[in-house]
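Visitor: quick one, what's the 3D model for this:
(chains A and B)
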Amino acid sequence: MGPAAAARAEGERLLAAFAAAGALRVEAPVLLPAAALIDLWGEDIRGRAYVTRDPLAGEMVLRPDFTVPVVEAHMAAGAEPARYCYLGEVFRAQERPSERPREYLQAGFELFDRTDPAAADAEVFALFAGLLDGLGLTAVTGDIGILAAAVRGLTTTPARKAALLRHIWRPRRFRRLLDRFAGRSPAPPERVALIARLSGSDPASLAAAAGPLVGLRGGAEIARRIAALVEDAAAPPIAAPEAALLYDLLGLAAPAGAALAHLRGITPLMPAIGPAVDRFAARLAALAARGIDPAALPFEASHGRSTLEYYDGFVFSLHAADPALPPVASGGRYDALTAVLGRGRSIPAVGGVIRPALVAALREGRA
Amino acid sequence: MTLGLGVPSKGRLMEQTFDWFAARGVTLRRSGQTREYAGAVDGAEGVRLVLMSAGEIPRELAAGRIHLGVTGSDLVQESLADWQAEVAALAALGFGHADLVIAVPAAWLDVETLDDLDAAAAAFRAAHGHRLRIATKYHRLVREFLRAHDVADYQLVDSQGATEGTVKNATAEAIADIASTGATLRANHLRPLADGLVHASEATLFASRRADWSAPAAAAFADLSARLGLQRLAPPGLGG
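Guide: Predicted structure coming up:
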């Protein structure tokens, strides 16, 4: 059997296991309208996906991922709770020379359930870990929800918290913002000069001197942001011990059991993370009930911040020994995405994907 | 095989390229009718002059159909996904300077840096229900620049000309375009961001890594390199 047939056979084996776990097999189109995906992921999708043009329908994308069409289908017509699985090609453009395939099979499982998130997280992870047992993979887990709770609990302005929350998925900018808000790095000189100009005269006359306003962004929007800048310049820095706790949390990497003990230890100092830590504890208990030992499960508080952009709670990935290979499997919780795609409705959701070609190659000793 | 040298087929870029080579003892000239894109080289052996659009030179270099080419560094970096694997920059020629900059309405008092643009884009998206649009024809360069600086909540819209007018026409909120002097930006009530220089372009002599660099082309290259005073005498093949 050639590699493509082996990947297909492995994918069907995974799908049969997903179906046995109660999932309904669904299909999704290969050509998707670009607008929703670009709105969700931004301009980067044009670099990472194949964007093409339909003479009538406009911009279309070759399916980079199944999550969005599956969530949209569920939000339109699904019953609750629901388990879905799928198998099909996804397409990823490579902007640099790379061994990574541009077209590969993805086998996925998604679980929509509002009753018990910890049990749902554990069900997905245990299912994936069980199916990939024996391949010598290493797991990494994380929890974006703990980071978000820590940011929401900071003693600082709502605008600063919103800026940090928005950039949780961009670690470099998050760090720059946190350094500035904590007084570790100075405000940029342009900002200092602007605040000085604003204190010397009123924004309206400064705006009039700058020139006529062109474009859709209106004077009221400019005035609102100027007010926010003035407020920010007057806001005190985040207190050093509080900032130190957040820096410490960002770097936390330990077996999940030990990470929980550490988080319990710092919760009295950061009470805002309490509920998220309780959810973490409930997840570890649910995983233990399924035979996953928290003492042996790696946890990194920052895992999933740079690659898995829409995950907002539990995140996981399973890796082969060769660091040049992409993750064999990855997934996580994406409650906020269902709210974005549900137009007012939402449902807690968790899921993941496996690369059957990589699984087949590992089984045959080819990777 | 003779050494193929691609040069812009018209305008200031062509004249300045001819001047640059002439100052080093190599005469490039058009042959035949002035409307005919044929050329000749005097003062260097085994070199074939190919006159073509500056915008096509990157693609021809990447395909290996010409060995050397003069064009703007912006065009090479925009049109070739992994340009350093395809071509080698041999010499910056000291003309054709053009800065690709991100510019916003001058009345945006609150937006002077990329950090400001990012924050304004977030608020704009919340207020208007769509991403802040940046009009450009340099999609790759601008997207990679904004990604490297972690700017979010924007989207690029294609503009192949009169880009400075897109803001006034409300088809974009900001632009990324070549601003040689800044006069066109000012006339359209736009101002570049303090840290919004995406690329400082300059006419550059590039060599293809994909071309056939076997003996005749390599010999012609060594001869031409010596005449032009280039550092590199060995042909820049793959991996070189």
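Visitor: so residue A:7 makes contact with residue A:103?
Guide: No: assessed by CB atoms under 8 Å, residue A:7 is found out of contact with residue A:103, at 11.2 Å. Every C-beta, even on glycine, is put in place using the N, C-alpha and C of the backbone.
Visitor: which secondary structure elements does the helix-or-strand element of chain B with minimal mean pLDDT sit against?
Guide: In chain B, no helix or strand scores lower on mean pLDDT, DSSP states H and E than strand B:38-42, which sits at a mean of 83. Contact partners of strand B:38-42 among helices and strands, from 3 or more CB pairs under 8 Å, 6 or more residues apart in numbering or on different chains; DSSP states H and E: strand B:27-31, strand B:47-52.
Visitor: of those, which stretch is the most buried?
Guide: strand B:47-52 (a mean of 20; mean count of other CB atoms under 10 Å in any protein chain shown).
Visitor: strand B:27-31 and that one, what's the angle between them?
Guide: 60 degrees (axes from the mean of the first three to the mean of the last three CA atoms, to 10 degrees).
Visitor: helices and strands around strand B:47-52, which ones?
Guide: Packed against strand B:47-52, as judged by 3+ CB pairs under 8 Å, 6+ apart, are the following elements: strand B:3-8, strand B:38-42.
Visitor: okay, now residue A:280: neighbour count?
Guide: Residues near residue A:280, counting by other CB atoms under 10 Å in any protein chain shown, number 26.
Visitor: please, which helix or strand holds it?
Guide: Element membership for residue A:280, per DSSP states H and E: helix A:274-289.
Visitor: who's in contact with residue 195?
Guide: Using chain A here. Going by CB atoms under 8 Å, 6 or more residues apart in numbering or on different chains, residue A:195 touches A:229-230, A:233.
Visitor: wrong one, chain B
Guide: With CB under 8 Å, 6+ apart, residue B:195 has these contacts: B:113-114.
Visitor: can you pull the pLDDT of it?
Guide: pLDDT recorded at residue B:195 is 95.
Visitor: list the buried residues in the helix or strand it falls within.
Guide: Residue B:195 is located in strand B:190-201, with elements delineated by DSSP H and E. Across strand B:190-201, burial judged by 16 or more other CB atoms under 10 Å in any protein chain shown covers B:190-193, B:196, B:198-199, B:201.
Visitor: is whichever residue of chain B sits closest to chain A in a helix, a strand, or coil?
Guide: Closest to chain A within chain B is residue B:150: 3.7 Å, counting by CB to the nearest CB. Secondary structure, DSSP: H, G, I helix; E, B strand; the rest coil: residue B:150 is coil.
Visitor: what ranges do the strands span in chain B?
Guide: If DSSP state E is used as the criterion, the strands of chain B fall at B:3-8, B:27-31, B:38-42, B:47-52, B:68-72, B:87-92, B:98-105, B:132-136, B:154-158, B:174-178, B:190-201, B:203-208.
Visitor: what average pLDDT does stretch A:147-154 get?
Guide: 96.
Visitor: buried stuff in that stretch?
Guide: If you call a residue buried by 16+ other CB under 10 Å, then stretch A:147-154 has these buried ones: A:147-151, A:153-154.
Visitor: how's chain B carved up into domains?
Guide: B:3-96+B:202-228, B:98-200 (automatic domain parsing).
Visitor: distance of the residue nearest the centre of chain B from residue B:200?
Guide: For chain B, residue B:74 is the residue whose C-alpha lies nearest the centre (CA atoms, centre = their mean; 2.2 Å). Applying CB to CB, to the nearest Å, the value for residue B:74 to residue B:200 is 9 Å.
Visitor: before we move on, what about residue A:54?
Guide: According to CB to CB, residue A:54 stands 38 Å off from residue B:200.
Visitor: ditto for residue A:187
Guide: For residue A:187, the distance to residue B:200 - CB to CB - is 27 Å.
Visitor: pLDDT weak spots in chain B?
Guide: Counting by pLDDT under 70, chain B shows low-confidence ranges at B:1, B:33-37, B:233, B:237-240.
Visitor: swap in chain A?
Guide: In chain A (pLDDT under 70), the answer is A:307-309.
Visitor: who touches the residue of it found nearest chain B in this structure?
Guide: Closest contact between chain A and chain B, by CB to the nearest CB, is at residue A:173 (3.7 Å). Residue A:173 makes contacts with A:167, B:118, B:150, as judged by CB under 8 Å, 6+ apart.
Visitor: okay, these in JSON lines with distance to residue A:77 and neighbour count next?
Guide: As requested, the contacts of residue A:173 are exported to JSON lines (distance: CB to CB, whole Å; neighbours: other CB atoms under 10 Å in any protein chain shown):
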{"residue": "A:167", "distance to residue A:77": "35", "neighbour count": "22"}
{"residue": "B:118", "distance to residue A:77": "37", "neighbour count": "24"}
{"residue": "B:150", "distance to residue A:77": "37", "neighbour count": "19"}
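Visitor: closest one of those residues to residue A:129?
Guide: Nearest to residue A:129 among the contacts of residue A:173 is residue A:167, at 31.1 Å by CB to CB.
Visitor: measure the closest one to residue A:155 for me?
Guide: Taking CB to CB, one finds residue A:167 at 19 Å from residue A:155.
Visitor: just to check, residue B:228 is in contact with residue B:23?
Guide: No: if you go by CB under 8 Å, residue B:228 and residue B:23 don't touch, sitting 9.7 Å apart.
Visitor: neighbour count winner among these two?
Guide: Set side by side, residue B:228 and residue B:23 show more neighbours around residue B:228, with 18 against 9, by other CB under 10 Å.
Visitor: residue A:177: how many residues sit nearby?
Guide: 21.
Visitor: confirm that it lies within a helix, as I assumed.
Guide: Yes: in this structure, residue A:177 lies within a helix as judged by three-state DSSP.
Visitor: and the residue sitting furthest away from the middle of chain B, what does it touch?
Guide: Distance from the centre of chain B peaks at residue B:127, with 35.9 Å (CA atoms, centre = their mean). Contacts of residue B:127 were listed using CB under 8 Å, 6+ apart, and they are residue A:221.
Visitor: the one 10 residues further on too?
Guide: Taking CB under 8 Å, 6+ apart as the definition of contact, the neighbours of residue B:137 are B:158-161, B:163, B:177.
Visitor: what residues does the stretch 201-350 of chain A put near chain B?
Guide: A:203, A:206-207, A:210-217, A:219, A:221-222, A:224-226, A:229 (CB under 8 Å from any CB of the partner chain).
Visitor: please apply the same query to the stretch 1-150 of chain A.
Guide: A:38-39, A:42-44, A:46-47, A:95-97.
Visitor: I'd say residue A:222 and residue B:109 touch.
Guide: Yes: using CB under 8 Å, residue A:222 is in contact with residue B:109, at 6.1 Å.
Visitor: any shared contact partners between those two?
Guide: With CB under 8 Å, 6+ apart as the test, residue A:222 and residue B:109 both reach A:203, A:207.
Visitor: now do stretch B:202-211: distance to the chain's middle.
Guide: 12 Å (CA atoms, centre = their mean, to the nearest Å).
Visitor: start to end distance for it?
Guide: By CA to CA, to the nearest Å, the extent of stretch B:202-211 from end to end equals 23 Å.
Visitor: can you check stretch B:67-83 too?
Guide: 15 Å.
Visitor: cool, and stretch A:12-31?
Guide: End residues of stretch A:12-31 are separated by 22 Å (CA to CA).
Visitor: equivalent analysis for stretch A:236-244, please.
Guide: 16 Å.
Visitor: what helix or strand is residue A:45 on?
Guide: Using DSSP H and E, residue A:45 falls in helix A:44-48.
Visitor: return the list of strands paired to the next helix or strand after that helix, each annotated with direction.
Guide: As assigned by DSSP H and E, the chain's next helix or strand after helix A:44-48 is strand A:51-54. If you go by DSSP bridges, strand A:51-54 pairs up with strand A:58-62 (antiparallel).
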